[in-house]
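Trainee: would you be able to build a 3D model of this:
(one chain, ligands or ions: 2)
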Amino acid sequence: MRNFISVHDVSNINDLVAKALVYKADPLKDKSLGKHKRIGLLFLNPSMRTRLSTQIAAQNLGMEAIVFNVGQEGWALEFEEEAIMSGSTVEHVKDAAPIMGKYFDILAIRTFPSLKNRDDDYSELFIKQFIKYAGIPVVSLESATLHPLQSLTDIITIQENSIIPMNVERGPLWTQMERPKIVLTWAPHVKPLPQCVANSFSQWVNAWGQADFVITHPEDYELDTQFTNGATITHDQNEALKDADFVYVKNWSTFNHEYGRIYTNDPGWMMTNEKLALTNNAKVMHCLPVRRNVELSDEILDGPNSIVTQEASNRVWAAQAVLAEILKANH
Ligand SMILES: NCCC[C@H](NC(=O)CCC(=O)O)C(=O)O
Ligand SMILES: NC(=O)OP(=O)(O)O
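Mentor: Ligands and ions are numbered 1, 2, ... in the order given. Reported below is the predicted structural model:
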């Protein structure tokens with residue numbers, strides 16, 4: 001693996017999931033793999049889980065991790081080719097990225113979309129410019145359209161929760177749930193959010209191909225079909241939730257109509273215990289951070305079906321599996 005910016009960088013999802021679960025069982029198993037190697041974690045936007053889990057993953061592999069909050073502490077970067085830099089940007093990525101390529105062995109970057117210009121965001125200019133000019137492997141920590149470390153984590157977590165006891169009385173007889181039904185549901189929010197997590201989750205579940213996958217959202221919240229193709233899409237949330245084994249809750253802003261807006265914020269789309277009753281006692285997932293009692297109710301988040309903490313804790317193993325693959329391929 002050279003870069004990790006989408007599911008297309010992964011040759012076998014199940015292999016990568018298995019490697020992540022091996023790290024979960026034995027975190028320090030490859031503690032010398034990254035010896036004398038350094039990763040730069042560049043944040044143009046806020047983060048809690050991605051920042052901490054990637055640092056821990058790097059440390060578990062013996063790597064040094066340096067965090068740089070570019071958005072708050074760095075010079076404002078320019079990404080457009082041939083820009084006349086008479087405005088607010090101070091330094092071109094063409095000049096900055098090669099320097100980072102000298103300081104680090106791997107560069108990881110969080111760069112949210114502007115949600116102003118769809119073509120610009122969906123061209124993934126920022127992360128592509130880092131790949132072009134840094135000369136070292138680049139890992140997405142959530143870019144303009146995708147969040148692959150989150151999605152790998154989500155598949156790991158679904159996989160873990162798909163192993164069910166066959167016969168509790170007779171002891172440890174375990175079986176894999178047959179093709180789980182996974183539902184990605186839109187949820188209300190107070191501000192327009194990126195489509196990244198929903199795009200990426202759709203891309204990974206479709207590529208994984210081991211679930212019945214349904215996406216539900218209000219009218220006008222269609223996602224980019226390059227990510228959703230393969231899923232069943234419905235505006236009827238109750239119908240979608242029927243018999244679901246996993247419900248993935250996420251808000252996103254509009255993609256097709258007036259890009260980056262909130263159209264409806266119907267509170268009726270929030271997951272509650274009443275809606276959970278329609279499912280097959282589904283596990284409820286969310287990438288976090290979550291707006292309580294807007295996107296997801298307290299009763300769900302504090303109840304037995306929520307696996308959001310397990311999900312977030314798995315971020316470490318996803319990051320560790322990805323960094324290990326990159327280290328092995330680029331030493
Ligand atoms: N990294 C996980 C989610 C990040 C981002 N959420 C946010 O910006 C939430 C902001 C707020 O709730 O105000 C998103 O949806 O893509
Ligand atoms: N889920 C996630 O990426 O969280 P952070 O934004 O806190 O990194």
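
Trainee: near ligand 2, which residues of the chain are found?
Mentor: When proximity is defined as Cβ under 6 Å from any ligand atom, the chain approaches ligand 2 at 47-50, 142, 150, 287-289. The C-beta positions use only the backbone N, C-alpha and C, and glycine is treated the same way.

Trainee: of the residues you listed, list those near ligand 1.
Mentor: Near ligand 1, judged by Cβ under 6 Å from any ligand atom, the entries from those are 142, 287, 289.

Trainee: hmm, Pro46 and the last one touching each other?
Mentor: To tie it back to what came earlier, the one meant is Pro289. No. Pro289 is beyond contact range of Pro46, at 9.1 Å (criterion: Cβ atoms under 8 Å).

Trainee: hey, where'd the strands end up in this structure?
Mentor: 38-43, 64-68, 77-78, 91-92, 106-110, 138-140, 163-165, 174-176, 181-186, 212-216, 232-234, 246-250, 283-285 (DSSP state E).

Trainee: which bits of this protein sit near ligand 1?
Mentor: So the chain meets ligand 1 at 142, 191, 193-194, 196-197, 287, 289, 291 (Cβ under 6 Å from any ligand atom).

Trainee: kindly write the ChimeraX command that selects the buried subset of the residues you listed.
Mentor: In ChimeraX, this line selects whichever of these come out buried by 16 or more other Cβ atoms under 10 Å:
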select :142,193,194,196,197,287
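
Trainee: switch the residues of the chain next to ligand 1 over to JSON lines; also include pLDDT.
Mentor: As requested, the residues of the chain next to ligand 1 are arranged in JSON lines below (pLDDT from 0 to 100):
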{"residue": "Glu142", "pLDDT": "98"}
{"residue": "Lys191", "pLDDT": "95"}
{"residue": "Leu193", "pLDDT": "98"}
{"residue": "Pro194", "pLDDT": "98"}
{"residue": "Cys196", "pLDDT": "98"}
{"residue": "Val197", "pLDDT": "98"}
{"residue": "Cys287", "pLDDT": "98"}
{"residue": "Pro289", "pLDDT": "98"}
{"residue": "Arg291", "pLDDT": "97"}
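
Trainee: tell me which of the residues of the chain next to ligand 1 is nearest to His8?
Mentor: Distance to His8, by Cβ to Cβ, is smallest for Cys196 among the residues of the chain next to ligand 1, at 15.5 Å.

Trainee: give the contact list for the closest one.
Mentor: Cys196 makes contacts with 112-113, 142-147, as judged by Cβ atoms under 8 Å, 6 or more residues apart in numbering.

Trainee: cool, Gln310 as well?
Mentor: For Gln310, the contacting residues are 157, 160-161, by Cβ under 8 Å, 6+ apart.

Trainee: how much space separates it from Gln72?
Mentor: Note on Gln310: its distance to Gln72, by Cβ to Cβ, to the nearest Å, is 31 Å.

Trainee: next one: Glu124
Mentor: Glu124 is 23 Å from Gln72, by Cβ to Cβ.

Trainee: so for these two, which residue has more residues nearby?
Mentor: More neighbours surround Glu124 than the other of Glu124 and Gln72, with 19 against 10 (other Cβ atoms under 10 Å).

Trainee: ok, now how distant is that one from ligand 2?
Mentor: 17 Å (Cβ to the nearest ligand atom, to the nearest Å).

Trainee: my read is that that residue contacts Glu142, right?
Mentor: No. If you go by Cβ under 8 Å, Glu124 and Glu142 don't touch, sitting 11.7 Å apart.

Trainee: hey, which helix is longest across this structure?
Mentor: Using DSSP state H to define each element, the chain has its longest helix at helix 315-329.

Trainee: between strand 38-43 and it, find me the angle.
Mentor: 130 degrees (axes from the mean of the first three to the mean of the last three Cα atoms, to 10 degrees).
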